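>>> return a 3D structure for these sequence lines:
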Amino acid sequence: MPENLYRRGKTWWGRAQVAGDEHRRSLRTRDRTEARRRLTAWLEDLNRAAYAGEERHTWQEAVVRFTTEVLPDNVKPKTATRYLVSLRQLDALLRDRLVDRPESLPADKRITRTTIADIVSERKKSGATNATIRRDLTAASAVLKACTGWGWRDDNPAKEWDRSHIKERRAPILLPTADEITAAIAAVPATMGQMMALAWRTGMREDEIVTLEHPQVHLPARIDLTKTKTNRPRAIPLTGPITDLAVGTIAGTVRHLKSKLVFWHGDGAGFANFASNFAAQRRSHGIRFRFHHLRHRFAVDYLRAGGNIYDLQQILGHASIKTTELYLDYLTPEEKEQAMHGPAQNPAQVQRFGTDNRA
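Got it, this is the predicted structure:
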């Protein structure tokens, strides 16, 4: 086999002579061991096509092509990482399967809705949660969707399978107390404490704070967020309940002469490993809450301070008001009434709970 491998630049290529025809193909890797594995799979496909009359595609081949051609340009890095974790879990269950049209395959090689149901059963037996299994199915669906685009098959059983059987149970929201947050901010390094304070006062997500740049900040009016979880830009007003406290937090940061980042270390570099650093601080200081819980604390504080549920939806960047409504469960009846019917900063917002015509 070694003679069938060669390099172009730093990338390994494969070549083969099958049925009198010469074939060459990029193996899309710089690793020799991985190149040999991909070459073996490719040679098997060539031989099937030449001597059995049609080409077959393995699940592993589909995953390799998906991770090299689809993931890099179409999926966010964090999502890509979750996909890769799921695909590793699925490998043991699908490695012997073929991704071609089921009707052309032996029953034990097909990927159908029955196959997906079997995967769910096996993952449940292994102790995987419903949330994890749903993520696994999303990753499998993404690969099978790519296979339809490549013309290998016409259906996507992972997408078609009824996921109501594995409903995801939302974990109870943890609301750290003000004293807990204040103590934690005092315990961690100063810059990390400022980042925690900003999350507490704006509901911004961890990644949004880590990547926040000065051109996005317009004191004392607002923060413009362009790099969001949903890819939908949004603005956080700094003139409303609770959010006005963020002005002092940002004003208290030290600006680096060369870096645009609001929060930096060293020579203006960003915090590439902030999540793991915060986890280490939690262990070191016995902090019981996660960084994301500061977002929950802000949401409840905002509503308790008289904020409107629709304004909160815009601040948090929720696509659906139903997600924001979860925070209503943490209010008194009077606070809930105010949150649902009180004046909004955006008066054009359509009211879900009806209008209040009282004087």
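
>>> residue 94 and residue 59, how far apart?
Counting by C-beta to C-beta, to the nearest Å, the gap from residue 94 to residue 59 is 4 Å. Where C-beta positions appear, they are placed from N, C-alpha and C, glycine not excepted.

>>> mutual contacts of these two, please.
Common neighbours of residue 94 and residue 59 are listed as residue 111 (criterion: C-beta atoms under 8 Å, 6 or more residues apart in numbering).

>>> wait, residue 201 touches residue 241, no?
No. Judged on C-beta atoms under 8 Å, residue 201 makes no contact with residue 241 at a distance of 10.3 Å.

>>> what about the two, which has more around it?
residue 201 (24 against 17; other C-beta atoms under 10 Å).

>>> give me the residues contacting the helix or strand hosting residue 47.
Per DSSP states H and E, residue 47 falls inside helix 32-51. When contacts are defined by C-beta under 8 Å, 6+ apart, helix 32-51 is touched by residues 1, 4-5, 12, 14, 16, 18-19, 21, 23, 25, 27-29, 54-58, 60-61, 64.

>>> can you select the buried ones from these in ChimeraX?
Only the buried entries of the contacts of helix 32-51 go into this ChimeraX selection, using 16 or more other C-beta atoms under 10 Å:
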select :4,5,12,14,16,23,27,28,29,56,57,58,60,61,64
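
>>> mind listing which of the contacts of helix 32-51 are in strands?
5, 12, 14, 16, 18, 21, 23, 25 (DSSP state E).

>>> and the gap between the fourth one and residue 278?
Translated: residue 16. Counting by C-beta to C-beta - residue 16 and residue 278 are separated by 51 Å.

>>> which secondary element of this structure has the worst mean pLDDT?
Scoring the helices and strands of the chain by mean pLDDT, DSSP states H and E places helix 32-51 at the bottom, with a mean of 78.

>>> centre of the chain to stretch 191-206, how far?
A distance of 20 Å separates the C-alpha centroid of stretch 191-206 from that of its chain, computed with C-alpha atoms, centre = their mean, to the nearest Å.

>>> quick check: buried residues in that stretch?
Applying 16+ other C-beta under 10 Å to stretch 191-206 flags 192-206 as buried.

>>> out of these, flag the one nearest to residue 158.
Here the nearest of the buried residues of stretch 191-206 to residue 158, counting by C-beta to C-beta, is residue 205; it sits at 28.3 Å.

>>> OK, contacts around the nearest residue to that closest one once chain neighbours are set aside?
Distance criterion C-beta to C-beta, 6 or more residues apart in numbering; nearest residue to residue 205, sequence neighbours excluded, is residue 229 at 6.2 Å. Going by C-beta under 8 Å, 6+ apart, residue 229 touches 205, 207, 317.

>>> likewise for residue 158?
Listed by C-beta under 8 Å, 6+ apart, the contact partners of residue 158 are 116, 137-138, 140-141, 144.

>>> which one among those gets closest to residue 152?
residue 144 (9.2 Å).

>>> tell me if I'm right that the closest one and residue 160 touch.
No. Counting by C-beta under 8 Å, residue 144 sits too far from residue 160 to count as a contact (9.7 Å).

>>> so those two - more neighbours on which side?
residue 144 (24 against 13).

>>> doesn't the more buried one lie inside a helix?
Yes. If the criterion is DSSP: H, G, I helix; E, B strand; the rest coil, then residue 144 is within a helix.

>>> residues touching the residue lying closest to it once chain neighbours are set aside, list them.
Excluding its sequence neighbours, the residue lying closest to residue 144 (C-beta to C-beta, 6+ apart) is residue 156, at 4.5 Å. Contacts of residue 156 were listed using C-beta under 8 Å, 6+ apart, and they are 141, 144-145, 148.

>>> that concludes my questions; thank you for your assistance.
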